[in-house]
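Engineer: here is my input; please provide its structure:
(3 chains)
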Amino acid sequence: CGWHLRGHVTLPFNTLYVNMPVNNKVGADIRRMIAASTNVKIVMEAEGAEAILELLSSGRHREVVSLNMEGEAREYELTLNMTFRLVNPDGEEFFPPTTFTASRNMYYNDDEYLSRNAEENVLYNEMQQDLIAQLLSRLTTVQAISHEY
Amino acid sequence: QASDAVRLRTASSLSDSSQLVNENSASFISADQMETTDDEIILRGDAEVRRARTLIRGDNITYTQSSDTVDVQGNAVVLRDGVRFAGPELNYQIETQTGEMQDASYEYPARRIQGKSKYARFESGESTQLRQATLSTCKPGSKAWWIEADTLTIDETTNMATAHDMSFHLAGLPVMGLPYAFFPVGTDRQSGLLTPTIGMSSELGLDYAQPIYWNIAPNYDYTFTPRLVTRHGIILGNEFRFLTPNMGATMVYDYMPHDRREGDSRYGAKVDGWAKWNDINFKANYNKVSDGDYLDDFSGEFNESDESVLPQDLSMSYGKDFWNASLSVRKNQVLDRTDHDPVDRPYEKVPEFRWSAYYADFHGFEISSTLEATRFKHQEEDYKPEGDRFYMNHSIAYPMRGAAWFITPKAMITGVSYNLTGLENLNKGFQDFVGYEKHSSFTVPTFSLDSGLIFERDTSWFGSDATQTFEPRLFYVYTPYRDQSHMPVFDSSYADLSFGSFFLENEFTGHDRVSEANQLSLILTSRYLDRKTGFEWLRASIGQRFYFSDQNVGLNKYTINDWYRYRYLKAEGINEDRKSDYLANVTAHLTKDVTFSTTAQYSTTETRITRMNAGIRWQPKPSSVVGLYYRFDDLKTTPEVDRIRQIDFGVQWPLSNSFYGLARYNYDLDAGKTVDAIAGVEYAADCWALRFVGQKVLDSEDKYDYRFYVQLELTGLGGIGSDPLETLRRAIPGYRPVTDQPGAAGLYDYYE
Amino acid sequence: ETKDREQPIEIQADHFFGDEIKQIATYTGSVHVNQGTMRLTGQKLILQETSTGYRKATLTGNVATFRQRRDQKVKGVEEWIAGQAQEIVYEERTGIVTLTGKAVVERSENGIVKDRARGNKIVYDTVRSRTIIQGSSSGRASTVIAPRNKAR
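Structural biologist: Numbers count the residues shown, from 1 in each chain, chains lettered A, B, ... in the order given. Coordinates of the predicted model:
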């Protein structure tokens, strides 16, 4: 009924530079994901790269969504967003600044104060993988930039 | 080597750099009739002189080239960076953008400010001096509100207007007169002198705050906010902010000399700062209040005021390419709030040294490691052991990945050791039961294998082409058992079941416990992706964990008020089941405006849903949103008081083109009580908006707090009346104030 | 230059037709008129001797042109005025050149165009170097002035 393993995707460029630090977990995951799923070779210098993936901004946001019967914060909604853009060396955009977001609910009470940051990171790391998957599905639909002269 | 064929390159975008107006830009002059002599050009009939972003217009203009000045007679208009001045005549020097105009009427369209003035003098293109001037953001001629001032200086660089001998008129009546005042004319809503906050509540009585903003320098400012709270007294609020290239801080100190109800003085202090000194980053987040109820009563500048623990953290950190070291002190203040159960006081880390490294690709290996040394202190000696903890964790993984599959084997070693002090003054019975030892340690290896496949097929989503994916993922972890029952718990807790915790090697967060593991998590995810844009229409996943052996490492964390009652219960984390609860999640954009999302946890042993939240939101346009949410938490391990079963309804909807209704209703089904109810109406005219908002919120078990906000917002000048926007933004997801300020104006937005 | 008017007028053309009675001379076919540094060109030239003895030249063509150097005011800066229009009238007595019909006048310094004026009718006084630019009911008079150099 049409199911097949996801195939390699050919993108309209052969080399890509990701403007995130080399030893950054998210940057490393993005590089590995793109290298494995597309024809693109990841380069470590912006010079000579046919395409540049730029992380423009990323933000974490926490909002109280529910109080318990004592009026104490009980449930938070964590939101992670990252804005990317893909350009060629001349600055023309394969896709304009696009914001990918994900949000999860987290239960919390003040007895676990010290471990709250660790709990939040568990959710943020999982949201990170979700955003990388969304980024990849956006990347694989990229068309060549048309130059009408 | 650009010898290859010449490639045409598109011109870079229109650069709107602001330094266009200088001597090397040409002037374009036109009129019905023109007469030029050596030095002068006389323009007659609808004359116009245009240079870069300056435009001068009038019936007749005499332009003297040597002095680059224009003398305009009849219907004179000068337009600079979108700011428009019009009057009977004008004398203006274009290059230095200085000049003067009588009986001018002016307009700052980017900030919707307009008014008239007997005399206007333009200085160096950044500030303008007006005498006998009026200022308002209403349409010319509207009598809603305006400001009259003897002299009014508008400085475009700092976005501040300074007025002398000024009077404020509301609906035609002079409401307030002041010898000296200044206020923001920019779109950012700093509080300025003119934005008092007025509110009423059952707890505080009348609540009137009058912020006075003093802009000492572009990067220093100080706000003094005297605040009258009729049921309690006067609070003197002080907020000092400064920012330099390598340092910045916000310091708040609110002091109430005498609180009629409590009978003594109360205060709230907060320091939030950062600094950078050649590659070393310093950070401070320090909060202190006089008593547990201070935040509940006066919340003011503090973050979530419905939390009971305030951080008092100081840290410095230094990092290089792949490693980072930090030394930090983490103390806290616990608020014992009246009518609230006491909170288990957290440990203090005085100090904590941490070194962590992450190497993304060492010949294909991903290496990360952490070393940590922490000294823990606690105020209650008899139930809380103190001492030093040394923690290390090193892991090496080899991620292999293809387009449709990935396998990541990982090996890890974790070591923890304790040097406890003062065990002798622990409670005798407690120590005998727990049996803490002065020195204790354990090291444990962990092996994990993460793998997954991605299948795809073409399908459609409500008519548009889509690709559906099916992504099974397996995560196996093996960690042998290590006895940790005689070791203290400083900062660990048992991780709630979530899609994140499925992929954790250790079911405990923090560094005190490493759970035994011989388990396999299976997660199935399916997505509907728009084939043209890759947009994720729907994501559904379901997961469960299978335990092939018992998990015998317990958290055995004892809170001082209940260790005796719980000492024979199974410690948190110990597990003999063979399967965990199911966890499912669906997030869908049914249409462009309707989003639906739900997460549910189903317990196989109790064959019921133990935790769930679901929500649907319809948001056709920014200020129109309707949302319905259901939140349910009835997990065995959740303390009785924290179990909730609530529905939450939030709406902001236009009733007419300038009336907006807004409401929120949060009802707890088990307790049969409202938790939070808000109703309000917003009227937005062209230059002012009026908000009436009433709120009934549960303050503790059976005590409600009734609050009433009134806010008159003068667009462009900031609001008058207590600021309900924050409360509304938190209460009604997706709420956007109707008078949302326009974005920053581009240079060519208001060009004629 | 101002002393151009005392110079002799030199005219070249394909054809010439003189009308002694009316004291009108008509030249047609790639007409060139030179007087000192001033040069006029066009398809047809009507040269009239006015009663006061000064001559008046009326030059027409699909485009008639005009060029003259101005008195030197600043050392090292050679200033030229050039213009074109459907009809150019030059009156020797007043030194006034009137360009009408899509008239354009440009002032250049050392070959670089500094100002360019456009209009339906432009009156250029070569003696007092004044220009009057007339916009017709539909057309506007416009001038583009290059950035001023501080030296002026």
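
Engineer: what segments of chain C are strands?
Structural biologist: Ranges of strands in chain C, per DSSP state E, are C:10-12, C:15-19, C:24-35, C:38-49, C:55-69, C:79-91, C:96-109, C:112-125, C:130-134, C:141-145.

Engineer: need those strands in CSV with mean neighbour count, can you?
Structural biologist: (Glycine included, C-beta is placed from N, CA and C.) Formatted as CSV, the strands of chain C follow (neighbours: other CB atoms under 10 Å in any protein chain shown):
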stretch, mean neighbour count
strand C:10-12, 13
strand C:15-19, 11
strand C:24-35, 18
strand C:38-49, 20
strand C:55-69, 19
strand C:79-91, 20
strand C:96-109, 20
strand C:112-125, 20
strand C:130-134, 22
strand C:141-145, 22
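
Engineer: would you turn these into JSON lines with distance to chain A and mean pLDDT?
Structural biologist: Compiled in JSON lines, the strands of chain C are given as follows (distance: least, CB to the nearest CB, whole Å; pLDDT from 0 to 100):
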{"stretch": "strand C:10-12", "distance to chain A": "47", "mean pLDDT": "83"}
{"stretch": "strand C:15-19", "distance to chain A": "50", "mean pLDDT": "82"}
{"stretch": "strand C:24-35", "distance to chain A": "41", "mean pLDDT": "85"}
{"stretch": "strand C:38-49", "distance to chain A": "40", "mean pLDDT": "86"}
{"stretch": "strand C:55-69", "distance to chain A": "34", "mean pLDDT": "86"}
{"stretch": "strand C:79-91", "distance to chain A": "34", "mean pLDDT": "88"}
{"stretch": "strand C:96-109", "distance to chain A": "33", "mean pLDDT": "86"}
{"stretch": "strand C:112-125", "distance to chain A": "31", "mean pLDDT": "83"}
{"stretch": "strand C:130-134", "distance to chain A": "40", "mean pLDDT": "79"}
{"stretch": "strand C:141-145", "distance to chain A": "30", "mean pLDDT": "76"}
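
Engineer: what pLDDT does residue B:16 get?
Structural biologist: Residue B:16 carries a pLDDT value of 43.

Engineer: residue of the stretch 151-300 of chain B nearest chain C, please.
Structural biologist: residue B:156 (24.7 Å; CB to the nearest CB).

Engineer: which residue is the nearest non-sequential neighbour of that residue?
Structural biologist: Nearest non-adjacent residue to residue B:156, counting by CB to CB, 6 or more residues apart in numbering or on different chains: residue B:126, 5.2 Å away.

Engineer: can I assume the one you found is in contact with residue B:157?
Structural biologist: Yes. Using CB atoms under 8 Å, residue B:126 is in contact with residue B:157, at 5.0 Å.

Engineer: more neighbours: those two, which one.
Structural biologist: Higher neighbour count among residue B:126 and residue B:157: residue B:126, with 14 against 9, using other CB atoms under 10 Å in any protein chain shown.

Engineer: that one: what's it in contact with?
Structural biologist: Going by CB atoms under 8 Å, 6 or more residues apart in numbering or on different chains, residue B:126 touches B:155-157.

Engineer: measure residue C:110 to residue C:104 for me?
Structural biologist: 20 Å (CB to CB, to the nearest Å).

Engineer: ah, wrong one, I meant residue B:485
Structural biologist: Distance from residue B:485 to residue C:104, by CB to CB: 99 Å.

Engineer: and residue A:107, by the same measure?
Structural biologist: 79 Å.

Engineer: helix or strand next in line after the helix or strand hosting residue B:666, which one?
Structural biologist: Secondary structure assignment for residue B:666, by DSSP states H and E: strand B:659-668. Per DSSP H and E, the first helix or strand lying C-terminal to strand B:659-668 is strand B:673-684.

Engineer: closest to residue B:199 out of the strands of chain C?
Structural biologist: Shortest distance between residue B:199 and those, using CB to CB, is found for strand C:141-145: 60.0 Å.

Engineer: that closest one pairs with which strands, parallel or anti?
Structural biologist: strand B:27-31 (antiparallel), strand C:112-125 (antiparallel) (DSSP bridges).

Engineer: flag every buried residue along the shortest one.
Structural biologist: Translated: strand B:27-31. Under the neighbour-count criterion of 16 or more other CB atoms under 10 Å in any protein chain shown, strand B:27-31 has B:27, B:29-31 buried.

Engineer: flag the shaky bits of the stretch 451-600 of chain B, pLDDT-wise.
Structural biologist: Scanning the stretch 451-600 of chain B for pLDDT under 70 picks out B:559-568.

Engineer: what segments of it are helices?
Structural biologist: Using DSSP state H, counting those that start in this stretch, the helices of the stretch 451-600 of chain B run over residues B:563-566.

Engineer: which part of it gets nearest to chain C, residue-wise?
Structural biologist: Nearest residue of the stretch 451-600 of chain B to chain C (CB to the nearest CB) works out as residue B:533 at 46.9 Å.

Engineer: give me the number of residues near that residue?
Structural biologist: Residue B:533 has 13 neighbours, counted by other CB under 10 Å.

Engineer: which residues touch it?
Structural biologist: A:138, A:141.

Engineer: and it, backbone torsions?
Structural biologist: For residue B:533, the backbone dihedrals (degrees, to the nearest 10) come out as phi -110, psi -10.

Engineer: from residue B:466, how far off is it?
Structural biologist: To residue B:466, residue B:533 is 11 Å away according to CB to CB.

Engineer: with residue B:56 instead?
Structural biologist: Separation of residue B:56 from residue B:466 (CB to CB): 58 Å.

Engineer: and stretch B:314-330, which residues are buried?
Structural biologist: Neighbour count says stretch B:314-330 has B:314-316, B:322, B:325-326, B:328-330 buried, by 16+ other CB under 10 Å.

Engineer: bridged to the residue most central in space within chain C, which residues?
Structural biologist: In chain C, the residue lying closest to the centroid (CA atoms, centre = their mean) is residue C:66, at 4.0 Å. Beta-bridge pairing for residue C:66 (DSSP bridges): residue C:40, residue C:83.

Engineer: give me the distance between it and residue B:96.
Structural biologist: 37 Å.

Engineer: next: residue B:163.
Structural biologist: Taking CB to CB, one finds residue B:163 at 25 Å from residue B:96.

Engineer: not counting sequence-adjacent ones, nearest residue to residue B:83?
Structural biologist: residue B:108 is the one closest to residue B:83 (CB to CB, 6+ apart), at 5.3 Å.
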